[in-house]
Every structure is written in C-alpha cells, then in structure tokens.
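Enquirer: Predicted structure and sequence below. I'll ask about it afterward.
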Amino acid sequence: MTTETLLTVDDFSVVYDVDPPVEAVRHVSLALRRGEILGLAGESGCGKTTLAYGIQRLLKPPAVITSGRAVLHDESGEDIDINALDADAMRAFRWDKVSMVFQGAMNALNPVASIGRQLEDVFLTHRPSMGRAERREECAGLLDLVGVGRERMRSYPHELSGGMRQRVMIAMAMALRPQLMIMDEPTTALDVLVQREILEQISDLRSKLGFSVIFITHDLPLLLEISDRIAVMKDGVIVELASALDIYSDAQHEYTRKLLSSFPSLTGERGDFIRGSESQEAAL
Amino acid sequence: MTTLDFRNVTKRYRVRGSGDMLALDDVSFSLTSGQTIALVGQSGSGKSTIAKILTQLERATSGEVLLDGEPIPHRGPGLRRYRQRVRMVFQDPFASLNPYHTIRHHLERPLRLDKVVPADQVEDEVRALLTRVRLDPDATIDRRPHELSGGQRQRVAIARALASRPELLIADEPVSMLDVSIRLGVLNLLADLQRESNLGVLYITHDLATARHFSDEIMVLHHGVVVERGPADDVILRAQHEYTRALRGASPDPDKHFADPSGRAVTRS
C-alpha cells in the first residue's frame, strides 16, 4: 500500500426525497489510498450502502446527491469527477475503473446462462475489439484466479455452491482490473469456513493486483482482521475513521465502543455479555 | 424437571435421481430444564433438521424422541400438548409474525387456544408477557409488526413462545437477522427468562462466540454427526476434533489477530 490517494470523497450528501426527506448520508469526506482495504462498518439504516452506491452514481430516485463530489485519481494521472461524467462516459467508467460485488451477489447470476458466457459479457461490452479466443482465455484465467477453476466455464449457476457463485461474482468484478472494488456484505450469506477462504482470497488478490477495496459489513470483528483502516458510520455520518488497530485498542467514539462490545470475544472475556444478570434496557 | 431425549436419531431425505441424503446419522442428546445447549455447525450440517424433528415438522427415519420418557405423539391432542411444552423461536422476526395482525392478536392466540388462563384474564396475561420481554405494553399492544424494530419484533416472537408456558425452548438462530448492537440484548433476555422460568434451551447457531458465552454445553455437528460435545469453554478453548478447530480458526477473532508475538493480547481500553 502506498500513501497515494485513489479516491477522494468530499462533503458527500445523499437525501431520499420522500415526505419527510431522509438525510441518508450527511457531509461525508474521506480519502481512500491506493491498494488499501477500507472497512465501512455500521448497522442497518446507517447509510453505508447508500454512500457506496452514491459514489458510483448507482442510486435511483427518490435518492438525490445534494452536495459534494467523488473524484477518482486514475492511474493515468487524470482526475475523474464521477458526478460530472455523461451517460456514455459513466457506462465506460463503471466496472472498468470501479466495480462492485453486491449484497447477495451469488443470487445475481443469470440462471439460464453458463458462467463462462456471463463472464464473457463483460469483455463483449467493455473490450469489443478483443478476439474470441483471447476473451475465452481471459475468462478461464479469471476462474482459475478465484479458485473456481477453468473447467467450470460451462457450468450453470445452480451447479455451483453459494461460495463458488460468490467467487464467480468476484471474478467478474475483477475482470477489467479495476482500481477499486466495492464489496457490500460479500460474505454475509456464507458460513464461516467458506467466508474465511474468500476473505483470504480477496487479501491475496489485493496484494497481487494492487487494487483498493471498500468492504461494507456490520461484522466489526471481521473488519478488524482484514482492513487497513475502518470507518464507522451512524445516522449518515462517519463517526470515526482510524486504523484497524486503533479502532480495536483505542476507539474514540462511544458508538464504536458500543459496536465492539456487541461481539463477545471468541476466546477472551465475555464483554457486555453477562449471562445471568439483568438485560440491558438500552439494547432496545 | 423436564427431560427431552433425542435417541439414536437418523434422518434420510429421499433425493430424486441421486439416492438418499443422510441428514442426521445416529444423533443422541438430552436437554433438561434449566440447561442451555448450543448446537453449532455450518450450513448443511443438520442443525435445522434436528429442530424440525423436535417440533415434529419432520419425522425421524429411525431412532426416537422422548419427552419425560414418553415418545412424542405424531398427531392429535397429544402432539398439541407436546408443542405447548416444547416451543420454537424462529430466525426471522420479519417473517414469523403476521403483518395483518396486532401484537395483541399474536399473543392472545396461544393463550386462548391452549386455554392457559381464563378468558377474562387474557388481556392481563398479554400485558404481563410483554412486560416479561421488556416491552412497554401500552406502547406495543395495538401495534402491527411493521411498526416495530427487528429487536422488538423478536421480543414479541419470544413472548409468543412463552405464552403457553413451555418447559423447553428451541431457538433457531434467534439473533442472526438482528442488528449487531441489539443482539446481545435479546440473548441476555433469553438467558434471564431461562433462569426465571427454569427453561431448557436448545440454542442453534453458527456463531461460536455467542454459543460459548450463552450455553452450558456445546455440541458440534458436522455432516449429520455430532463430532464433539462438552462444557462450552472446553469445546471452544480446548477443541479436540479437527472440525471444531477449523470452525474456530475461521471465526473472526480480533483478540488473537492483534495479539503480539510474545503472546500478550493488545489491551482494549
């Protein structure tokens, strides 16, 4: 990881224009470094997914970006203001520079097309000049890279387990070698053994290929292990942003400490879990 | 003192085209009043099959389930009586409550159907149940599920399970759908209720950390076989079976992650 900045988010706000309007993201600023894994932690409704979608302009009405901008500092040296791109430029930008692994992505594959064909679609759209043989080879290589194996090119999604399907989605998100991958709860639906394998794979690929990751989840213990820095979000505001170690050992904000104490330690003390004493009324 | 015995239970599912699927292979355990057993394992290990057999939504292929020495009736009033004594709390409080009905209705139904209290005391009992799960009766009783938060809904689901005054509670992933900051509140509530009413609880989960702190004993299920069981701390801290160790190794554990090479954990302030 370098100290070079890949993405600058400045004073970013998103409002859902309903009655009454909901300020889902409020004046968020952050700088993501090249090659960094940034964890975005928070609970349902805190605005973490809205922020991630907003950066890529994936939000639909009634969501409105009311202030701020997101600028990607491209490896070519050019600064791309994502809000200023026209429709064609936006289409070319997405997946090429920034890709996304969605929540429940493993159910996002087309059930009636082989995974090889779905991977090829990425190249057909974004690299139309690429020859067929080269395209096939790229897809096969991607499946090898994420540990699915090229022999599964002709498999259909239902023939793969949930973990395999999630790897296919990661392969797809990596296809164009984006500089940033945004992952929204990519392992929440998987069980711990599969989750661990996929997390290790993401870490490996990050070291190999040098992309940055914004990793969104409510699972703070998991973020502590895989992230370089962690941003904790509540009510549309980033209440704390610090290195994983600082969040773990020296959390400043009360909400961060509350989140930390919500996870009893696997091998250590019980934390706030006090069996046999009164429940915390505050928990409501 | 109530004892539920799960004796040498095997369950096979017929799978079209590919022979049988062995979901449970000779599983035995007993659950008694006042005891909490955690059942852990990854998806497909057979956890939910055990819950389904215990609630008689499925029948065992072989082996038997005994409540105080008596086999569970498969139908009729006997089964109804059994289900009154052994209750289930489901994973998803968004799906397990009926959106058309008020909270009052949800709690009145079991009270009336099982004739737990005389008709003129039903209202008081509903309020008492809500108080037991730490909800404000006046603020909750006339609401519908969508007007409550996930944690409040799960509390209603727990109140409903307690309405018929069960002796044993089967809780299948009762907090995994809830936001993290309210999970411990709901688990602590279950622990309190368990102590107050001397309930036996089977806590089904994939989360080793809460299993360790919430239960007396842990059983680890892998491909339908109990591979390890014992006191909670022993199973987690001194796991014998390779699979238990694999599960523990895969679970996020920041304390270990940040422990420095000398073996001392970095202290959390």
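Expert: Arrived safely.
Enquirer: CA atoms for contacts and neighbours, from now on please.
Expert: Fine.
Enquirer: Helices of chain A, residue ranges please.
Expert: Counting by DSSP state H, residue ranges of the helices within chain A are A:48-55, A:87-93, A:115-126, A:132-145, A:162-174, A:192-209, A:220-226, A:244-250, A:254-261.
Enquirer: Quick one: closest of those helices to A:Thr8.
Expert: Taking Cα to Cα as the criterion, helix A:48-55 is the member of those that comes nearest to A:Thr8, at 9.9 Å.
Enquirer: would TSV of the helices of chain A with mean neighbour count and mean pLDDT be doable?
Expert: Formatted as TSV, those follow (neighbours: other Cα atoms under 10 Å in any protein chain shown; pLDDT from 0 to 100):
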stretch	mean neighbour count	mean pLDDT
helix A:48-55	22	91
helix A:87-93	12	90
helix A:115-126	19	93
helix A:132-145	17	92
helix A:162-174	24	88
helix A:192-209	16	86
helix A:220-226	22	91
helix A:244-250	20	91
helix A:254-261	18	89
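Enquirer: can you redo these as a markdown table with distance to B:Glu173?
Expert: Rendered in a markdown table, the data for these read as follows (distance: least, Cα to Cα, whole Å):
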| stretch | distance to B:Glu173 |
| --- | --- |
| helix A:48-55 | 25 |
| helix A:87-93 | 41 |
| helix A:115-126 | 33 |
| helix A:132-145 | 34 |
| helix A:162-174 | 19 |
| helix A:192-209 | 15 |
| helix A:220-226 | 19 |
| helix A:244-250 | 27 |
| helix A:254-261 | 20 |
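Enquirer: do you know which of these lies nearest chain B?
Expert: Smallest distance to chain B across the helices of chain A (Cα to the nearest Cα): 4.3 Å, for helix A:244-250.
Enquirer: any residue of the closest one up close to chain B?
Expert: Yes: part of helix A:244-250 sits close enough to chain B to count as contact by Cα under 8 Å from any Cα of the partner chain, namely A:245, A:248-250.
Enquirer: doesn't B:Ser181 make contact with A:Ser44?
Expert: No: assessed by Cα atoms under 8 Å, A:Ser44 is found out of contact with B:Ser181, at 10.4 Å.
Enquirer: When those two are compared, which one has more neighbours?
Expert: Neighbour tally, A:Ser44 and B:Ser181, criterion other Cα atoms under 10 Å in any protein chain shown: the higher count belongs to B:Ser181, 22 against 15.
Enquirer: so what's the residue nearest the centre of chain A up against?
Expert: Chain A has A:Met183 as the residue nearest its centroid, 1.9 Å off, counting by Cα atoms, centre = their mean. Under the criterion of Cα atoms under 8 Å, 6 or more residues apart in numbering or on different chains, the contact partners of A:Met183 comprise A:100-103, A:213-216.
Enquirer: List the neighbouring strands of the helix or strand where B:Ala38 lies plus their orientation.
Expert: Counting by DSSP states H and E, the element that carries B:Ala38 is strand B:36-40. Using DSSP bridges, strand B:36-40 pairs in its sheet with strand B:200-205 (parallel), strand B:217-222 (parallel).
Enquirer: helices or strands next to whatever helix or strand comes next after that strand in the packing?
Expert: Using DSSP H and E, the helix or strand that directly follows strand B:36-40 along the chain is helix B:47-54. The helices and strands touching helix B:47-54, judged by 3 or more Cα pairs under 8 Å, 6 or more residues apart in numbering or on different chains; DSSP states H and E, are strand B:20-32, strand B:168-172.
Enquirer: Could you identify which of these is most buried?
Expert: Neighbour counts (mean count of other Cα atoms under 10 Å in any protein chain shown) averaged over each of the helices and strands packed on helix B:47-54 peak at strand B:168-172, with a mean of 24.
Enquirer: Now look at that one and say if it contacts chain A.
Expert: No: judged by Cα under 8 Å from any Cα, strand B:168-172 stays clear of chain A, getting no closer than 15.4 Å.
Enquirer: what's the closest non-adjacent residue to B:Gly224?
Expert: The shortest distance from B:Gly224 to any non-neighbouring residue, by Cα to Cα, 6 or more residues apart in numbering or on different chains, is to B:Leu24 (4.0 Å).
Enquirer: Please list all residues in contact with that neighbour.
Expert: By Cα under 8 Å, 6+ apart, B:Leu24 lies in contact with B:9-12, B:46, B:49-50, B:223-225.
Enquirer: how about the nearest residue to A:Gly149, chain neighbours excluded?
Expert: That would be A:Leu143: by Cα to Cα, 6+ apart, it lies 5.1 Å from A:Gly149.
Enquirer: Pull the residues that contact the strand holding B:Ala38.
Expert: With Cα under 8 Å, 6+ apart as the contact definition, strand B:36-40 has outside contacts at B:31, B:47, B:200-208, B:211, B:214-221.
Enquirer: now do 6 Å
Expert: With contacts defined as Cα atoms under 6 Å, 6 or more residues apart in numbering or on different chains, strand B:36-40 is touched by B:200-206, B:211, B:215-220.
Enquirer: Run through the residues of the stretch 151-269 of chain B sitting next to chain A.
Expert: Contacts of the stretch 151-269 of chain B with chain A, taken as Cα under 6 Å from any Cα of the partner chain, map to B:181-182, B:185, B:188-189, B:192, B:209, B:250-252, B:254, B:268-269.
Enquirer: Can you tell me which of these are buried?
Expert: By the neighbour-count criterion of 16 or more other Cα atoms under 10 Å in any protein chain shown, these include these buried positions: B:181-182, B:185, B:188-189, B:192, B:209, B:250-252, B:254.
Enquirer: Identify the farthest-apart pair in these.
Expert: B:Asp192 and B:Ala250 (30.1 Å).
Enquirer: Longest helix in chain B, by number of residues?
Expert: Longest helix in chain B, counting by DSSP H: helix B:180-197.
Enquirer: Quick one: list the elements packing against it.
Expert: Where contact means 3 or more Cα pairs under 6 Å, 6 or more residues apart in numbering or on different chains; DSSP states H and E, helix B:180-197 is not packed against any helix or strand.
Enquirer: Could you check the angle it makes with helix A:254-261?
Expert: 50 degrees (axes from the mean of the first three to the mean of the last three Cα atoms, to 10 degrees).
Enquirer: I'd like the mean pLDDT over helix B:180-197, please.
Expert: Along helix B:180-197, the predicted confidence averages to a pLDDT of 87.
Enquirer: what's the closest non-adjacent residue to A:Leu109?
Expert: The shortest distance from A:Leu109 to any non-neighbouring residue, by Cα to Cα, 6+ apart, is to A:Pro157 (6.6 Å).
Enquirer: what two of the residues of the stretch 151-269 of chain B next to chain A are the furthest from one another?
Expert: The most widely separated members of those, counting by Cα to Cα, are B:Asp192 and B:Ala250 (30.1 Å).
Enquirer: Can you get me a residue count around the residue of the stretch 1-150 of chain A found nearest chain B?
Expert: Of all residues in the stretch 1-150 of chain A, A:Glu43 sits closest to chain B, with a separation of 6.0 Å (Cα to the nearest Cα). Neighbourhood size, A:Glu43 [other Cα under 10 Å]: 19.
Enquirer: Alright, calling it a day.
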